[in-house]
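Chemist: only the shape, not the letters, is given here:
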Ligand code: PMV
C-alpha cells in the first residue's frame, strides 16, 4: 500500500512591515506588500495522512480533537490541496503547536505553513518553495512568509489569480542576528480576529487610504535598512509602521482596539530605554502582546528591565529562525 503521509515543521514570523487588508477574501490576496522575520521559537509540527479508508477529515491539535471552528479552517484548506492534486481522499491532520496560543501569540502563520508543506508532500505534489508559499497564503496570509527563514518579503502581486503573490527571502537567518523579545502582557484574550479586524478597517476606516499611500515606502525603507544592516534605521520605520496600522483600526466602525494597559506600559518603557541610549524598538500585531527588537549585546539588559514591569507576565527571547523543514 502506498503511504500518503508527511510531516513538516514551520516557525512563526513577526511582521516588521505589516500586512493589513485583503483585496480578495477567498484567495487571501493582500492590499499591500509586507516584510517579516521568521523566529527560531514558536513552531508548529504537522503530520498529514491521506487514506482511502478514511470516511471524513479529522484535525487533532496537541493530541486532542480541535474545535469546530479551527477544524473547519483546516478542512477548507485541505479542499484546496485536494483540488490541486485532483484527489478526493480524506485526511487525518495532527498538529503539535509550540506557539503558546493560550498566551495570545498567533499560531496561524506557522500552522498553515506546516500544513501546506505536509499536505502537499503527502500527496506527492512536488511543489517548489514559491508554490508552497502561494498555497500556505490561502490558509492564512502571514503563513506564506513562514515558508522561508530569516528576513522575508511578501510581494502583494497584481494578478487576480494570486500566482504572483508569494514570499521570498531577503536575508537568511545567519546573515544578520538581531534579538526579538516576545513580551506577554496581562489582560484579556483578543476578541476580534485579525481576519475580522482587517476587513472592518478596509471597509470603514477613513485612515485606511493613508495606510495604502505610505506603506510601500515604509517597506522600501525597511528593506534598505535590512540589506545594509542598519539597525536603528530599521527600528524607527518598524515602530512607526506598527503604530500606523493600529491607528487605521482605531478609525474603523466600530473601532478595533487590541491594546491592554500592559501594552502601553511596554511602549512607554521602550521609549524610556531609548532615551537612556539603548537602540530598542517595538512592534505590535493584532493583539495586546508586544515584540521588542534590540541588538544581541543589549538583549540581557532589555530582558531584565522588561520583567520589572508589573503588567509583563513573561518574556521569550527569540532570534531569526529557519523556514520549513520536513521530518520523518
Ligand atoms: O495572516 P493573518 O490573518 O495571521 O494576519 C496577520 C496580521 C498581522 O499579524 C497584524 C500583520 C502581519 O503582517 O503578520
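Modeler: Looks like it arrived, so ask away. These numbers were taken from a predicted model, which means no experiment stands behind them.

Chemist: interface residues of the stretch 101-250 of the chain facing the ligand?
Modeler: 106, 108-109, 140-142, 194-195 (Cβ under 6 Å from any ligand atom). Placement of C-beta: from N, CA and C, glycine included.

Chemist: what is the most widely separated pair among the residues you listed?
Modeler: 109 and 195 (13.0 Å; Cβ to Cβ).

Chemist: which one's more surrounded, those two?
Modeler: Neighbour count, other Cβ atoms under 10 Å: between residue 109 and residue 195, residue 109 has more, with 31 against 16.

Chemist: per-residue confidence at the closest residue to the more buried one other than its chain neighbours?
Modeler: Using Cβ to Cβ, 6 or more residues apart in numbering and skipping the chain neighbours, the partner closest in space to residue 109 is residue 142 (4.2 Å). Listed pLDDT for residue 142 reads 97.

Chemist: report the contact partners of residue 177.
Modeler: 296, 319-320 (Cβ atoms under 8 Å, 6 or more residues apart in numbering).

Chemist: list the helices and strands the biggest strand by length in the chain packs on?
Modeler: Counting by DSSP state E, the longest strand found in the chain is strand 34-51. Counting contacts by 3 or more Cβ pairs under 8 Å, 6 or more residues apart in numbering; DSSP states H and E, strand 34-51 is packed against strand 4-17, strand 90-97, helix 108-122, helix 143-146, strand 151-154, strand 179-185, helix 208-227, strand 312-318.

Chemist: among these, which is the most enclosed?
Modeler: Mean neighbours per residue, mean count of other Cβ atoms under 10 Å, is largest over these for helix 143-146, with a mean of 32.

Chemist: domain ranges for the protein?
Modeler: 3-176, 181-318 (automatic domain parsing).

Chemist: end to end on the shortest one, go ahead and measure it.
Modeler: Pointing back at domain 181-318 there. End-to-end distance for domain 181-318: 6 Å, by Cα to Cα, to the nearest Å.

Chemist: over to stretch 176-192?
Modeler: 34 Å.

Chemist: any idea of the mean pLDDT in it?
Modeler: Stretch 176-192 comes out at a mean pLDDT of 91.

Chemist: what of stretch 13-30?
Modeler: Here the average pLDDT along stretch 13-30 is 97.

Chemist: quick thing: my sequence starts at 856, can you match it?
Modeler: Okay, residue one is now 856; in that scheme the one you just asked about reads as stretch 868-885.

Chemist: now do the buried residues in it.
Modeler: 868-878, 882-885 (16 or more other Cβ atoms under 10 Å).

Chemist: on that earlier part again, for the longest strand of the chain, which positions count as buried?
Modeler: Neighbour-count burial for strand 889-906 [16+ other Cβ under 10 Å]: 889-905.

Chemist: stretch 1054-1064 too?
Modeler: Judged by neighbour count using 16+ other Cβ under 10 Å, the buried positions of stretch 1054-1064 are 1054-1057, 1060, 1063.

Chemist: take those and keep only those in helices.
Modeler: Counting by DSSP state H, the part of the buried residues of stretch 1054-1064 found in helices is 1054-1057, 1063.

Chemist: give me the pLDDT for residue 1150.
Modeler: For residue 1150, pLDDT reads 98.

Chemist: surely it touches residue 1086?
Modeler: Yes. Contact between residue 1150 and residue 1086 holds when scored by Cβ atoms under 8 Å: they sit 6.0 Å apart.
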